[in-house]
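Chemist: Predicted model and sequence below, questions to follow.
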Amino acid sequence: MKQLYLHSDYKFLEKEILEFVENFDSRGEYVVKGERNSIKKESLQNETLNVKQFKIPNFFNSFIYKYIRKSKARRSFEYASILIEKGILTPFPIAYFEETTVFGLRNSYYVSQQVEYDLDFRVLIHDLNYPNRDEILRQFTAFTFKLHENNINFLDHSPGNTLIVDNEDGTYDFYLIDLNRMRFESMDFNKRMHNIRRLWPSKAMIKIMAKTYSKLYNKSYESTHALMLKHARDFQRKIDSKKLRRSGRKLKFKS
């Protein structure tokens with residue numbers, strides 16, 4: 001069975017979107033072509049859309065995604081709707097598509113608006129001289145604080161999953177992408193600092209972020225910095241440990 005679920009504002013694109021997802025391999029321009037998931041963009045009736053194709057799940061997960069748990073495409077659509085209701089920016093959710101059999105889920109797609117952005121968080125990690133870098137970090141930290149205050153635990157809060165738009169007036173907008181791993185739950189201090197760990201912030205970045213977050217949360221800079229640094233170090237050690245053991249080098253935390 002094939003089913004397209006559309007946002008009510010985009011009923012006029014139903015036929016075009018359905019045709020696109022059913023001919024995904026031969027339509028559109030690749031934005032990302034990965035082993036797991038791929039993204040293409042296409043203009044339909046003056047609307048530029050991003051269409052994310054999720055990898056066909058194995059037999060076990062296929063059954064799970066049909067009968068027990070919502071598919072990644074459906075979660076992306078529903079979570080984006082929740083974020084927008086809470087005032088959090090994300091590419092506008094237009095539709096999701098599921099193809100199922102009696103055994104479970106096969107093909108699935110998530111359709112959203114294209115966002116024209118200037119950079120993502122990875123640029124702030126790798127380009128120490130990026131214009132207004134420290135101010136972007138401060139505003140990004142305030143954005144992360146807003147997530148936490150709204151009980152949003154974005155489990156994939158990693159460098160490639162925040163798009164940044166320069167408003168050219170000293171302010172920046174932040175858009176979350178890759179939304180299918182998210183919890184809506186109360187965020188205590190430890191959980192908030194733990195959520196930042198996947199961003200791979202350097203020690204210099206942590207100083208800026210901790211100073212901003214501590215003021216917003218009414219917590220001391222020292223305790224905020226210490227816990228943020230601890231979780232970031234633990235995460236980086238965990239990811240790097242196998243590589244470092246093979247090379248024989250010593251772990252050195254980024255400065």
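Modeler: Nice, I can see it.

Chemist: My reading is that residue 69 lies in a helix. Confirm?
Modeler: No - using DSSP: H, G, I helix; E, B strand; the rest coil, the secondary structure at residue 69 is coil, not a helix.

Chemist: Does the biggest helix by length in the chain pack against any helices or strands, and if so which?
Modeler: In the chain, assigned by DSSP state H, the helix with the most residues is helix 221-247. Taking 3 or more CB pairs under 8 Å, 6 or more residues apart in numbering; DSSP states H and E as contact, the helices and strands that helix 221-247 lies on are helix 189-195, helix 203-217. No exception for glycine: its C-beta is placed from N, CA and C like everyone else's.

Chemist: Give me the buried positions along the last one.
Modeler: If you call a residue buried by 16 or more other CB atoms under 10 Å, then helix 203-217 has these buried ones: 205, 206, 207, 208, 209, 210, 212, 213, 214, 217.

Chemist: next one: stretch 214-227
Modeler: Within stretch 214-227, the residues scored as buried using 16+ other CB under 10 Å are 214, 217, 219, 224, 225, 227.

Chemist: Stretch 164-171 too?
Modeler: 164, 165.

Chemist: Of the buried residues of stretch 214-227, which is the nearest to residue 68?
Modeler: residue 227 (35.5 Å; CB to CB).

Chemist: how much space between that closest one and residue 161?
Modeler: Separation of residue 227 from residue 161 (CB to CB, to the nearest Å) stands at 22 Å.

Chemist: follow-up on the earlier one: including mean pLDDT and distance to residue 149, could the helices and strands packed on helix 221-247 go into CSV?
Modeler: Converted to CSV, the helices and strands packed on helix 221-247 look like this (pLDDT from 0 to 100; distance: least, CB to CB, whole Å):
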stretch, mean pLDDT, distance to residue 149
helix 189-195, 98, 9
helix 203-217, 98, 9
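
Chemist: can you tell me which of these comes nearest to residue 121?
Modeler: Residue 121 lies closest to helix 203-217 among those, at 10.1 Å (CB to CB).

Chemist: C-alpha coordinates for that closest one, CSV please?
Modeler: The C-alpha coordinates for helix 203-217 follow below in CSV (Å, rounded to 0.1, in the frame of the first residue of the first chain):
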residue,chain,number,x,y,z
LYS,A,203,37.7,24.3,24.8
ALA,A,204,37.6,27.8,23.5
MET,A,205,34.0,27.3,22.2
ILE,A,206,32.9,25.8,25.5
LYS,A,207,34.1,28.9,27.4
ILE,A,208,31.9,31.1,25.2
MET,A,209,28.9,28.8,25.3
ALA,A,210,29.1,28.1,29.0
LYS,A,211,29.3,31.9,29.8
THR,A,212,26.1,32.5,27.7
TYR,A,213,24.2,29.4,29.0
SER,A,214,25.0,30.1,32.6
LYS,A,215,23.5,33.6,32.4
LEU,A,216,20.4,32.3,30.8
TYR,A,217,20.0,29.4,33.2
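
Chemist: by how many degrees do it and helix 221-247 diverge?
Modeler: Put simply, helix 203-217 runs at 150 degrees to helix 221-247, going by axes from the mean of the first three to the mean of the last three CA atoms, to 10 degrees.

Chemist: and helix 203-217, what does it pack onto?
Modeler: Counting contacts by 3+ CB pairs under 8 Å, 6+ apart, helix 203-217 is packed against helix 133-149, helix 189-195, helix 221-247.

Chemist: which of the residues in the first one are buried?
Modeler: Applying a neighbour-count criterion of 16+ other CB under 10 Å, the buried positions in helix 133-149 are 136, 137, 138, 139, 140, 141, 143, 144, 145, 147, 148.
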